[in-house]
Structure formats: C-alpha cells, structure tokens
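Chemist: Pasted the sequence and its predicted model underneath.
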Amino acid sequence: MSVGHRNACRKTEWVQHGPALMMELSGVRIHTTAVIDPSARIAPTATVGPFCVIGPDVVIGSNVRIDSHAIIEGGVVVEEESHVGAGVVIHGSAVIGSSTSIFPYAVIGQTGQFPGHHNSDGKVVIEGECVIREFVIINKSVTSPATRVGRGCYLMARTQIDHDCILSPYVKTATGVTLGGSVHVEDHAYLGMNSVVHQGLRIGRACMIGMNGVVKAHVPPFTTLVDRRINRINVIGLTRLGASEEDITRVEAFYRGKRDELLVRIGSDPWIDAIENFVAQVAPDRMELFA
C-alpha cells in the first residue's frame, strides 16, 4: 500500500457497502445495478456507474468516478480524483495513482504473457497523473515486484505493456506500441506509432523511437532511432528538458567520438554523465550505435 493511499485512508470517512446500504446509497452515487462486495471500501464522494462489479478488498478513493460496466477486483486500490472509463477491467494486486484517467476497455493487471510462468504475487503500480487510453493492456509482473508506469505517463490507444516493464515518469507511447517483457523505458522518452521493443531492453532518457520502429538493442539517451539506426540527437527532447545549444553540441560530439571538440567539462556534466551511466548498465554488444 502506497504512502498516499495510507494517508487517504486516514483522511477519508470510508463507507462499508453491504446489502443493507445499497438502497440507501444507490440514488446518490452508486447505481442500483452495480454489484459491490461487502468488503470493498468506497469513499462517500466516489461515483460507481451502472453494471459495475467491485470485488473483495477493493479500495476506491475520494472523488473517483467509475463508469458503466467496469470490473475492479482482487485487492485493487484506486486513489483519489481518478477516472475509470466504461468497460475497463482492473484485476489482481494493482494500485492506480491519484488523478489518473483510464479510458474505455483498457485491461490492467492480468497475468503476464510469459509461458510457463504464472506468478500470482505480481502486481501493477501506476503512479499519479497518468493517461491510459482505449484498449491499453498492462500486465502484472512475473519475475520482479511490479510492472510500473511512472508519474505523468501518456499511453495512447492499443499500447501493450507486458510483464515486469518499467516506464519512468513522463514517457509517451503512441498508438499501437508494444513492449515485450522486462523493458525499461527511461523518463521523457517517446515511442512512435506501432513501434515494437524486444523483451529485456532499455530505452534511454528522452529518446525518440520513430514510427513502426523495431527495437532489438538498447537505445542510449537523447538519441533518435529511425529504421533501426540512430541517425541524430533528439534535439527537441533535449530542449524540453532544459538543455542549451552548448549542451546539445557536447552530446552530439560525445556520440560521434569527437572528444577533441568537446567543451571543457567543469565538474560533472549531467548530460554526458547520463549517457555514461546508461552505457555502464547495459551490455555494450547489445546497444545501438550512432550512425
């Protein structure tokens, strides 16, 4: 249970929903056709729509809105101010962070697609302020504590995040992106439409993966991968992170091996340090090279 959830429990007057209370509450915020387990805890300011199923031990925070036909079961926590769209399925041990929007028919928390491995203890953690669009699939972990989606991520329609993936904050995936198991995408990366990432790979900070990209090796930070080739620096991504023109020049010189053109480094250079740290954590023979 997250710290935010524990604090919410202390601050919120939780309502225990048993059969005797259904008629009393149904005209206010819980539709009469909703099926709610008596052990579920739902904040008085939450809204549950028609034909929803809220299973055992589910916790729904304040001002959460759950639209029709959603199914939430198996110890799920939906933190305050979040919105769960129509037909969404959230299953198993999952935490949906505050102010997250989940659009219709997303499926979160099913067993990871890992033949021969069915770890029932896995979970999904989605941090706050995320946007999960239509038909997104996020599977629970199999070999690690949790599949994680960082704060402020935006996953466009039909994105698939398989078991044990980690998305750092503010990652964006375009429509149709597929991540194999145990992929780690660092912060502010952008994966273009229909791009596919092989399992176990790492996508560096502020990378740009081009449309229909096939990623079969680690992609170092601040680069743009098109047609399986790193052909340029992601200038737009670096600029959005606050890099100056001089910073961008240093990054490009570093990648092109023109160390004599590097400006004098006074102390630590955060941009070059990020690249060096990335390279130290991955297998060099499985990393894309700058063209």
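Modeler: Done, it's in. Numbering: from 1, shown residues only.
Chemist: OK, contacts around the spatially closest residue to residue 180 that is not a sequence neighbour?
Modeler: Nearest non-adjacent residue to residue 180, counting by CB to CB, 6 or more residues apart in numbering: residue 199, 3.2 Å away. In short, each C-beta sits where N, CA and C put it, glycine included. By CB atoms under 8 Å, 6 or more residues apart in numbering, residue 199 lies in contact with 162, 180-183.
Chemist: and the gap between residue 199 and residue 219?
Modeler: Distance, residue 199 to residue 219, by CB to CB, to the nearest Å: 14 Å.
Chemist: Out of the contacts of residue 199, flag the one nearest to residue 150.
Modeler: Checking these against residue 150 by CB to CB gives residue 183 as the nearest, at 13.3 Å.
Chemist: For the closest one, give me its contacts.
Modeler: For residue 183, the contact set (CB under 8 Å, 6+ apart) comprises 162, 165-166, 197-203.
Chemist: In strands, which of those appear?
Modeler: 166, 197, 202-203 (DSSP state E).
Chemist: circling back to that earlier point, mind pulling the model confidence for the residue nearest to residue 180?
Modeler: With respect to pLDDT, residue 199 has a value of 95.
Chemist: Check the one 4 residues further on too.
Modeler: Note for residue 203: predicted pLDDT of 97.
Chemist: try residue 113
Modeler: 85.
Chemist: gap between it and residue 60?
Modeler: For residue 113, the distance to residue 60 equals 28 Å [CB to CB].
Chemist: Comparing those two, which shows the higher neighbour count?
Modeler: For residue 113 versus residue 60, neighbours defined as other CB atoms under 10 Å are more numerous around residue 60 (31 against 14).
Chemist: Help me confirm that that one comes into contact with residue 44.
Modeler: No. Between residue 60 and residue 44 there is no contact under CB atoms under 8 Å: 10.4 Å.
Chemist: Would you state the helices of this protein in chain order?
Modeler: For the chain, the helices defined by DSSP state H cover 3-11, 19-26, 235-240, 245-255, 270-281.
Chemist: From the rest of the structure, what touches the last one?
Modeler: Right, the one you point to is helix 270-281. By CB under 8 Å, 6+ apart, the residues outside helix 270-281 that reach it are 186, 202, 204-205, 218, 220-222, 238, 243, 247, 250-251, 254-255, 265, 287.
Chemist: now with 10 Å?
Modeler: The contact list for helix 270-281 (CB atoms under 10 Å, 6 or more residues apart in numbering) reads 184, 186, 202-206, 218-223, 238, 241-244, 247-248, 250-251, 253-255, 262, 265, 269, 287.
Chemist: could you give me the average pLDDT of it?
Modeler: 90.
Chemist: quick one: that helix to helix 245-255, angle?
Modeler: Angle between the axes of helix 270-281 and helix 245-255 is 30 degrees (criterion: axes from the mean of the first three to the mean of the last three CA atoms, to 10 degrees).
Chemist: Which positions in helix 270-281 come out as buried?
Modeler: By 16 or more other CB atoms under 10 Å, the buried positions in helix 270-281 come out as 271-272, 274-275, 278.
Chemist: a markdown table for those residues, including distance to residue 124?
Modeler: Shown next, in a markdown table, are the buried residues of helix 270-281 (distance: CB to CB, whole Å):
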| residue | distance to residue 124 |
| --- | --- |
| 271 | 32 |
| 272 | 35 |
| 274 | 27 |
| 275 | 30 |
| 278 | 26 |
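Chemist: so where's the stretch 51-200 of the chain shaky on pLDDT?
Modeler: For the stretch 51-200 of the chain, the stretches with pLDDT under 70 are 118-120.
Chemist: Now rank the ones in strands among the contacts of residue 183 by neighbours and give me the top one.
Modeler: That'd be residue 203 among these, by other CB under 10 Å, with 29 neighbours.
Chemist: distance of that one from residue 39?
Modeler: Distance check for residue 203 against residue 39: by CB to CB, it reads 40 Å.
Chemist: Also residue 254?
Modeler: The value you get for residue 254 to residue 39, if CB to CB is used, is 56 Å.
Chemist: And the two? Which one has more around it.
Modeler: A direct count of neighbours by other CB under 10 Å for residue 254 and residue 39 places residue 254 higher, at 20 against 14.
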